[in-house]
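**Q** starting from these lines, generate the structure:
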Amino acid sequence: MFGNRRKPGVTDTLVGAGTVFNGLMKSEADVRIEGDYHGDIESKGSIVIGEGGVAKSNITARDVTIAGTVYGDVHTFGKLVITATGQLHGNAQSAILFVQEGGVLNGGSRMDGGDKKPAGSEIGTPVGSGASAGVGLAEKKAKQAG
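**A** Next up, the predicted model:
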């Protein structure tokens, strides 16, 4: 009757347009930034930086969508989407990375398997499929065989 059912598309925390927020935000749920946010953001849910949103933040979340501007590093355990209007001025670490045409990633990117890290992997070592390192699987096998 009063189960913890969430409606799809519902945002639990909103920093609205015209709002300036300074500080650390930790959330168990989804967050949407449409105003100016200064400080780190951590969420077990999704974070959306709207088209008018500006975040001077290091962001850690399950999934992140950037349609506005982020100055700082982003770490997701799922996917990072930079839309056609989005800009990330910092490093990205994600299991899945989408940068739409017109989107800006001004920094480094590291692909990993989200929560799963291979034994012995170190920062700077390409992790995941060969495709994420710019080498196709067939090319990789051919190099190993030859």
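**Q** residue ranges with poor pLDDT in this protein?
**A** 1-11, 113-146 (pLDDT under 70).
**Q** compute the first-to-last residue distance for stretch 29-47.
**A** Using Cα to Cα, to the nearest Å, the gap from the first to the last residue of stretch 29-47 comes to 9 Å.
**Q** so what touches it?
**A** With Cβ atoms under 8 Å, 6 or more residues apart in numbering as the test, stretch 29-47 has contacts from 10-28, 48-50, 52-65, 68, 72. In short, each C-beta sits where N, CA and C put it, glycine included.
**Q** again, only this time at 7 Å
**A** Stretch 29-47 has contacts (Cβ atoms under 7 Å, 6 or more residues apart in numbering) with 11-28, 48-50, 52-64.
**Q** just the buried residues of those.
**A** 13, 15, 25, 48-50, 52-61, 63-64 (16 or more other Cβ atoms under 10 Å).
**Q** on that earlier part again, the contacts of stretch 29-47 in strands, which ones?
**A** Among these, DSSP state E puts 13-15, 20-22, 25-27, 48-49, 54-56, 59-61, 63-64 in strands.
**Q** helices of the chain, start to end?
**A** In the chain, the segments counted as helices under DSSP state H are 137-145.
**Q** list the contacts of Pro74.
**A** That one is not Pro; residue 74 is Val. So Val74 contacts Ile59, Val64, Leu80, Leu88, Gly90, Ala92 (Cβ under 7 Å, 6+ apart).
**Q** understood, closing this out.
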